[in-house]
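# Fold the stuff below for me.
(one chain, ligands or ions: 2)
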Amino acid sequence: GPLKTIALLGATGSIGGSTLDVVARHPGRFRIGALSAHSRVDELLALCARFRPEAAVITDPAGYDALREGLRALGLPTRALAGPAALDEVAADPANDTVVAAIVGAAGVASTLAAARAGKRLLLANKESVVLAGDLLMQAVAEGGATLLPVDSEHNAIFQCLPADGGRGGVRRLLLTASGGPFRGRSRDSLATVTPDQACAHPNWVMGRKISVDSATLMNKGLEVIEARHLFGLPADRIEVVVHPQSVIHSLVDYVDGSVLAQLGNPDMRTAIAYGLAWPERIDSGVAPLDLAALARFDFEAPDLAAFPCLALAFRALEAGGTAPAVLNAANEIAVSAFLQGELGFLGIPDLIQACLDAMPASPAGSLDDLMATDAEARRLARGLVARGGAR
Ligand code: NDP
Ligand code: MG
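Ligands and ions are numbered 1, 2, ... in the order given. As a prediction, this is how the structure comes out:
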């Protein structure tokens with residue numbers, strides 16, 4: 001196909017790096033129009049030197065001078081931009097036809113919406129923006145004529161297994177697989193003293209620290225159930241979670257005739273990213289072919305909701321609807337960051353989220369401004385609870 005120009009938001013992260021790896025394999029097919037980072041200026045400059053984008057965004061304005069000076073010292077014509085609003089600008093820029101939404105957390109919501117409204121090919125990794133503003137995002141995709149391609153491996157798998165006509169004819173259930181994370185099989189009590197490094201040591205995937213903790217609590221799967229509800233338009237009672245420790249079956253679609261279609265692959269995000277970049281074509285992603293004989297077996301089990309209450313909290317927020325998923329997401333972001341900084345124990349994560357859901361009953365979700373106000377209020381509440389509770 002014709003050369004595609006990509007705005008990669010969150011270029012210095014784990015998904016950002018995997019995206020650039022795939023892009024670099026196909027220089028005649030893709031070019032980088034814009035890159036963003038939050039605060040890691042040196043890493044962003046190194047990527048600018050390698051990929052020579054038209055624009056580079058540093059969302060923390062404190063990094064602006066260093067970015068501008070660095071680009072000049074490198075002799076690059078790249079424009080330096082700073083602040084969160086610059087993300088919306090490059091996401092909607094007509095010079096870029098593809099936007100990869102790879103920022104972590106609710107900080108990615110405005111640029112994801114901007115790309116959808118501008119009708120881009122939108123590769124969506126930033127699941128928190130779907131949890132926070134799923135209805136608004138799907139509306140923006142429809143109105144803007146965007147092409148939404150899920151990068152989250154489970155949703156990418158389901159996208160590949162749904163009917164080719166884009167409908168839901170004959171679909172009975174979506175089955176999301178979960179690895180179970182590094183603490184699968186452990187009792188709730190034994191998790192009281194686990195450390196951030198233990199929580200981030202995922203058995204199958206190398207990822208950013210926030211999503212790694214989400215995988216350890218099973219909140220990642222909870223966020224993904226909410227994400228699936230919005231992306232695929234099926235109600236919560238037709239979305240199920242099954243633990244599959246090998247992370248090779250990325251998810252499944254169950255049809256009324258008893259057929260179950262699955263997408264398999266080695267656990268490497270470059271497969272889903274390459275799919276999104278090239279769809280409806282297929283391109284090499286650099287991922288090794290699957291060796292089934294070496295794998296030998298697939299295991300399955302039900303999730304342990306007693307040891308990992310975050311999954312049930314996500315279903316509760318999805319059922320409550322309105323602003324509840326925004327509260328869930330904000331409380332989780334604060335809880336995870338407090339855990340990573342040693343201010344909250346692992347078991348404090350679900351406790352904090354539950355306290356926020358209890359204290360902020362769901363109201364109808366309105367505009368993005370309303371949702372961001374809910375997000376801010378839930379963050380304030382959660383921070384106050386962390387400060388008062390101290391480390392546990
Ligand atoms: P990382 O933490 O590795 O990277 C996050 C990126 O976002 C970095 O470029 C970072 O910049 C930037 N960033 C951080 N905070 C802000 C902010 N406040 N404003 C703007 N940019 C910010 O995350 P991952 O790549 O692991 O995850 C990215 C998203 O993809 C998440 O939503 C995650 O849930 C989702 N995802 C990730 C998967 C994975 O395998 N990693 C799998 C499926 C989904 P800087 O480097 O300067 O801090
Ligand atoms: Mg996933």
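
# pLDDT at the residue of the stretch 151-300 of the chain found nearest ligand 1, what is it?
Nearest to ligand 1 in the stretch 151-300 of the chain, going by Cβ to the nearest ligand atom, is Gly208, at a distance of 2.7 Å. Placement of C-beta: from N, CA and C, glycine included. pLDDT, Gly208: 96.

# can you check the one 3 residues further on too?
At Ile211, the pLDDT value in this model is 97.

# which residues does it contact?
Val104, Asn220 (Cβ atoms under 8 Å, 6 or more residues apart in numbering).

# which element is it on?
helix 209-217 (DSSP states H and E).

# quick one on the thing from earlier: these two touch, right, the residue of the stretch 151-300 of the chain closest to ligand 1 and Gly13?
Yes. Between Gly208 and Gly13 there is a contact at 5.4 Å, judged by Cβ atoms under 8 Å.

# Ala262 touches Ser251, doesn't it?
Yes. Applying Cβ under 8 Å, one finds Ala262 in contact with Ser251, separated by 7.2 Å.

# Pull up the overlap in contacts between those two.
Ala157, Cys161.

# returning to that earlier point: from Leu352, how far off is the residue of the stretch 151-300 of the chain closest to ligand 1?
Between Gly208 and Leu352 the computed distance is 21 Å (Cβ to Cβ, to the nearest Å).

# Looking at these two, which is more packed in?
More neighbours surround Leu352 than the other of Gly208 and Leu352, with 25 against 17 (other Cβ atoms under 10 Å).

# ok, the more buried one - contacts?
Ala331, Ile334, Ala335, Ala338, Leu344, Ala382, Leu385, Val386, Gly389.

# if we go to 7 Å?
Going by Cβ atoms under 7 Å, 6 or more residues apart in numbering, Leu352 touches Ala331, Ala335, Leu344, Ala382, Leu385, Val386.

# and the second one, what does it touch?
Looking back up the chat, that one is Ala335. Contact analysis of Ala335 by Cβ under 7 Å, 6+ apart lists Leu344, Gly348, Ile349, Leu352, Ile353, Ala382.

# same thing but 10 Å
213, 217, 219, 310, 343-344, 346, 348-353, 355-356, 382, 385-386 (Cβ atoms under 10 Å, 6 or more residues apart in numbering).

# Taking the protein, what residue is nearest to ligand 2?
Going by Cβ to the ion, ligand 2 is nearest to Asp152 of the chain, at 4.2 Å.

# okay, now that residue: neighbour count?
Residues lying near Asp152 (other Cβ under 10 Å) number 27.

# now it: how far from Ser215?
For Asp152 relative to Ser215 (Cβ to Cβ), the value is 12 Å.

# cool, and Ala86?
To Ser215, Ala86 is 31 Å away according to Cβ to Cβ.

# likewise Arg50?
Distance from Arg50 to Ser215, counting by Cβ to Cβ: 30 Å.

# quick one, which of those two is more surrounded?
The neighbour comparison of Arg50 against Ser215 (other Cβ under 10 Å) goes to Ser215, with 24 against 12.

# Report whether the longest helix seen in the chain contacts ligand 1.
Longest helix of the chain, by residue count under DSSP state H: helix 368-389. No. Using Cβ under 6 Å from any ligand atom, helix 368-389 never reaches ligand 1; the gap is at least 12.4 Å.

# Give the buried residues for that helix.
For helix 368-389, burial by neighbour count (16 or more other Cβ atoms under 10 Å) applies to 368, 371-372, 374-375, 377-379, 381-383, 385-386, 389.

# returning to what we had before: so who does the residue of the stretch 151-300 of the chain closest to ligand 1 touch?
Gly10, Gly13, Ser14, Ile15, Gly16, Ala102, Val104, Gly105, Cys200, Asp214.

# What about Leu76, how many residues nearby?
16.

# So between Ala262 and Ser251, which is more surrounded?
Using other Cβ under 10 Å, the more surrounded residue of Ala262 and Ser251 is Ser251, with 27 against 19.

# Am I right that that one is in contact with Glu227?
No. The pair Ser251 / Glu227 is not scored as a contact, 11.5 Å apart, by Cβ atoms under 10 Å.

# Need the residues touching each of these two.
Counting by Cβ under 10 Å, 6+ apart, the contacts common to Ser251 and Glu227 are Asp152, Glu154, His155, Leu176.

# so after the strand or helix carrying the third one, what's the next helix or strand?
In this structure, His155 sits in helix 153-161 according to DSSP H and E. Scanning forward in sequence from helix 153-161 by DSSP H and E, the next helix or strand is strand 171-178.

# Restricting to C-alpha, output the helix or strand just after that following strand in CSV.
For strand 171-178, the following helix or strand on the C-terminal side (DSSP H and E) is helix 196-200. Taking Å, rounded to 0.1, in the frame of the first residue of the first chain, the C-alpha atoms of helix 196-200 are listed here in CSV:
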residue,chain,number,x,y,z
PRO,A,196,7.0,-4.0,43.4
ASP,A,197,9.8,-5.9,41.7
GLN,A,198,8.1,-9.2,42.4
ALA,A,199,4.8,-7.8,41.0
CYS,A,200,6.5,-6.5,37.9
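
# Give me the buried positions along helix 196-200.
Residues of helix 196-200 classed as buried by neighbour count (16+ other Cβ under 10 Å): Pro196, Ala199, Cys200.

# Same check on stretch 280-287?
Taking 16+ other Cβ under 10 Å as the criterion, stretch 280-287 shows Ser285, Val287 as buried.

# Between its first and last residues, how far does it reach?
From its first residue to its last, stretch 280-287 covers 19 Å (Cα to Cα, to the nearest Å).

# and that stretch, does that touch ligand 1?
No. Judged by Cβ under 6 Å from any ligand atom, stretch 280-287 stays clear of ligand 1, getting no closer than 13.0 Å.

# just stretch 175-188 next, same as before
No. Stretch 175-188 does not reach ligand 1 (Cβ under 6 Å from any ligand atom); its nearest approach is 11.4 Å.

# for the record, mean pLDDT for that stretch?
97.

# And stretch 113-122, by the same measure?
Mean predicted confidence for stretch 113-122 is 98.
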